[in-house]
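> I'd like to go over a predicted model; first the sequence, then the structure.
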Protein chains: 2
Amino acid sequence: MWQLHQFPLCPFSRKVRLLLGEKGVGYELIRESPWARRDEFLDMNPAGQTPVMTDAVAGLTLIDSTAICEYLEETIDKAPMLNGPAANRAEIRRLVAWFDEKVYNEVVAPLMLERMLKRIVHRAAPDAKMLREAMKVANSHLDYVDWLLDHRRWIGGPVLSLADLAAAAHLSVADYLGGIDWRGHDRTKEWYAALKSRPSFRPLLSERMEIVTPPPHYDKVDF
Amino acid sequence: MWQLHQFPLCPFSRKVRLLLGEKGVGYELIRESPWARRDEFLDMNPAGQTPVMTDAVAGLTLIDSTAICEYLEETIDKAPMLNGPAANRAEIRRLVAWFDEKVYNEVVAPLMLERMLKRIVHRAAPDAKMLREAMKVANSHLDYVDWLLDHRRWIGGPVLSLADLAAAAHLSVADYLGGIDWRGHDRTKEWYAALKSRPSFRPLLSERMEIVTPPPHYDKVDF
């Protein structure tokens, strides 16, 4: 069985977990806190990042969420999440990169630093200015998702795709950390409610990070 | 014909150009300076980054270097650069991400800021401390490449792959900006000399960025 090395608020691990869930692949969670920089973990992944997926029996170690998702797409036919002809697949991958890079760097990473790492690791107060800026940028990203969903059924095109899973992974971590104001984003909210009610998403929403608690609406499908 | 929107020192565009060269695909270069944030470019790619690849006749716009490389792999059989079974392909993709994320963020981006953007855009002096740190980290990344090449013929496995093209793209930009000290890295130097002599690499090495000049060894195969 696969073992997924991760922590509850790792957005990249969430993306992989949503994909594993949609594909019906079982896995065991192994808690890893990358900021602790454990020697054994660095030996496994010199980049020091989660997720890492291992299968001891098959002798496999998969590293990097993009590489893992492509691997799962290539090896499991069920629930394809890179759909359509090559141009559609390119559009889905563009949007996955949008969330993994832009939304992560501008919104999720600052929120994780200010509201998670500063509490758990640095024992410091969050920087109110940084938080305001991250939430402002989050709002402009939600505007972009609203716009996409005005033109398409799902974020990456006519059917559910890895773009939706990546978006839900990052936005769910930002939401957990109180960084999302859903008001004025009805289309995105409706899309997110549909994602939240999927069986692949339920286990993630019920988990909690130590010390850091989410707002009351976080795990509610009707929010 | 494809049009590639890029600038000479964009490492992500270089990765795509090396892949296009290996596959024998013709393209036209369109100069874009993403830091100018032209409205027309932002309309094309809201992320504001190069490369963007367009084909006006086919009505295609491909964005994000990972999405573009996967598209080229899926649509052109010649010179496959994601080789082998799924686990090998995952290893190649892990290493591409290593160069696109870690080497870019820790080495290439600081060098581009200090030695290119500060001259061209900000008209400011480079920060000597930042440069020293980037070059120190570059050295540790070369150690890792030395180690990989002690265990494999090419960076991603027994055959030339996208991992080599990504590595060469990033290291060549760092080298242009004077950030690489090749001494003590014989294995990597030998590998890089082999890359430099490939027809896909020659056109890149002969191009120059305005104002910023490379060190004398930059375009020499014997360096």
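Perfect, I can see it now.

> So which residues make contact with the helix or strand hosting residue A:142?
Taking DSSP states H and E as the definition, one finds residue A:142 inside helix A:128-151. The contact list for helix A:128-151, computed with CB atoms under 8 Å, 6 or more residues apart in numbering or on different chains, reads A:95, A:102-103, A:106-107, A:110-111, A:113-115, A:155, A:167, A:174, A:179-182, A:185-188, A:191, B:46. Yep, even glycine has a C-beta here, placed from its N, CA and C like the rest.

> Which of the helices or strands spans the residue of chain A most remote from its centre?
Largest separation from the mean C-alpha position in chain A: residue A:57, at 27.5 Å (CA atoms, centre = their mean). Of the helices and strands defined by DSSP H and E, none includes residue A:57.

> distance of it from residue A:1?
8 Å (CB to CB, to the nearest Å).

> Okay, strands next: where are they in chain A?
Along chain A, counting by DSSP state E, strands occupy A:2-6, A:27-31, A:52-55, A:60-63.

> Give me the sheet partners of the last one and which way each runs.
The strands beside strand A:60-63 in its sheet (DSSP bridges) come out as strand A:52-55 (antiparallel).

> for the first one, same thing?
Here strand A:2-6 has these sheet partners by DSSP bridges: strand A:27-31 (parallel), strand A:52-55 (antiparallel).

> would you turn those into JSON lines with mean pLDDT?
Converted to JSON lines, those look like this (pLDDT from 0 to 100):
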{"stretch": "strand A:27-31", "mean pLDDT": "98"}
{"stretch": "strand A:52-55", "mean pLDDT": "98"}
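
> Comparing those strands, which comes out most buried?
strand A:52-55 (a mean of 21; mean count of other CB atoms under 10 Å in any protein chain shown).

> Would you mind putting the CA coordinates of that strand into PDB?
Extracted in PDB, the C-alpha atoms of strand A:52-55 (Å, rounded to 0.1, in the frame of the first residue of the first chain):
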ATOM      1  CA  VAL A  52       6.500  12.100  -0.800                       C
ATOM      2  CA  MET A  53       4.800   8.900  -1.800                       C
ATOM      3  CA  THR A  54       6.400   5.500  -1.100                       C
ATOM      4  CA  ASP A  55       5.600   1.900  -1.700                       C
END
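
> Can you show me the helices along chain A?
For chain A, the helices defined by DSSP state H occupy A:11-23, A:39-44, A:65-75, A:86-97, A:109-112, A:128-151, A:162-176, A:186-196, A:202-206.

> what residues does chain A put near chain B?
A:46-47, A:60, A:62-64, A:66-68, A:70-71, A:74-75, A:86-87, A:89-91, A:93-94, A:97-98, A:101-102, A:144 (CB under 8 Å from any CB of the partner chain).

> List the residues that contact the one residue sitting closest to the centre of chain A.
Residue closest to the average C-alpha location in chain A (CA atoms, centre = their mean): residue A:169, at 2.3 Å. Residue A:169 makes contacts with A:11-12, A:14-15, A:18, A:99, as judged by CB under 8 Å, 6+ apart.
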